[in-house]
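Only the shape, not the letters, is given here:
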């Protein structure tokens, strides 16, 4: 139901309703976005168009997830010490979106759960990592970086390894003890 349809229905039924003043406050993103809708509709982007776009995006997301999972199942191995390895050259041949998803799947496989705190920030971190790994592989350089409790490394033999981030050593009490 559109807002105008709901207002008309309430008026026709003699139902009282409240107009929330915060819905007119431009300091809220929802208000700013709502104010854009008439301009977008004039350009052909109305509610039904957004619904179709959302449905298509969901369908594409599901397909990409399936392809990435199938490629991950094919490309990854589990090292005897328990970390995930990928052939870097095979990984590099994949389209960028699949590479990003492969990194995400390797992180999940290594940690045993999907990181949820801020998925947008995490995606941006994985996208950055993707670019850094790509450059290291192209240049034949070793690379190491931590992300989400994992250590991601690229060796000069073009193997990618994702393992639990090593525990940081605390200085021994002897090293931190103050002399008398």
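Looks like it arrived, so ask away. Note that the structure is a prediction, hence the values are computed from the model and not measured. Residues are numbered from 1 along each chain as shown.

What average pLDDT does the strand or helix carrying residue 77 get?
Residue 77 is part of strand 76-78, with elements assigned from DSSP states H and E. Mean per-residue pLDDT for strand 76-78: 94.

just how off-centre is the helix or strand following it within its chain?
Per DSSP H and E, the first helix or strand lying C-terminal to strand 76-78 is strand 84-87. In terms of C-alpha atoms, centre = their mean, to the nearest Å, the centre of strand 84-87 is set 20 Å apart from its chain centre.

Number the chain from 15, please
With 15 as the first residue, the last one maps to strand 98-101.

Strand 98-101 - contacts with which helices or strands?
On a contact count with 3 or more C-beta pairs under 8 Å, 6 or more residues apart in numbering; DSSP states H and E, strand 98-101 meets strand 90-92, helix 110-125, strand 173-178. Any C-beta I mention is one placed from the backbone N, CA and C, and that applies to glycine too.

now do 10 Å
The criterion is 3 or more C-beta pairs under 10 Å, 6 or more residues apart in numbering; DSSP states H and E, and the helices and strands that strand 98-101 contacts are helix 61-89, strand 90-92, helix 110-125, strand 164-168, strand 173-178.

Could you pull out the buried residues of the first one?
Residues of helix 61-89 classed as buried under the neighbour-count rule (16 or more other C-beta atoms under 10 Å) are 82, 85, 86, 89.

would you turn those residues into TSV with distance to residue 70?
Shown next, in TSV, are those (distance: C-beta to C-beta, whole Å):
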residue	distance to residue 70
82	18
85	22
86	24
89	28
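
Find the pair from the residues you listed with maximum spatial separation.
Spanning the widest gap among those are 82 and 89, at 10.2 Å by C-beta to C-beta.

Give me the next element, helix or strand, following the host helix or strand of residue 144.
Using DSSP H and E, the element containing residue 144 is helix 133-153. Next helix or strand after helix 133-153 toward the C-terminus (DSSP H and E): strand 157-161.

Show me what that next one is in contact with.
102, 117, 121, 129, 136, 139-140, 142-143, 146-147, 149-151, 165-170, 174-176, 179-180 (C-beta atoms under 10 Å, 6 or more residues apart in numbering).

partner strands of it, parallel or antiparallel?
strand 164-168 (antiparallel) (DSSP bridges).

Quick check: residue 148 touching residue 105?
Yes: shown here, residue 148 and residue 105 form a contact pair, counting by C-beta atoms under 10 Å, at 9.1 Å.

shared neighbours of these two, anything?
Joint contacts of residue 148 and residue 105 (C-beta under 10 Å, 6+ apart) are 113, 168.

who has more neighbours, those two?
Higher neighbour count among residue 148 and residue 105: residue 105, with 25 against 16, using other C-beta atoms under 10 Å.
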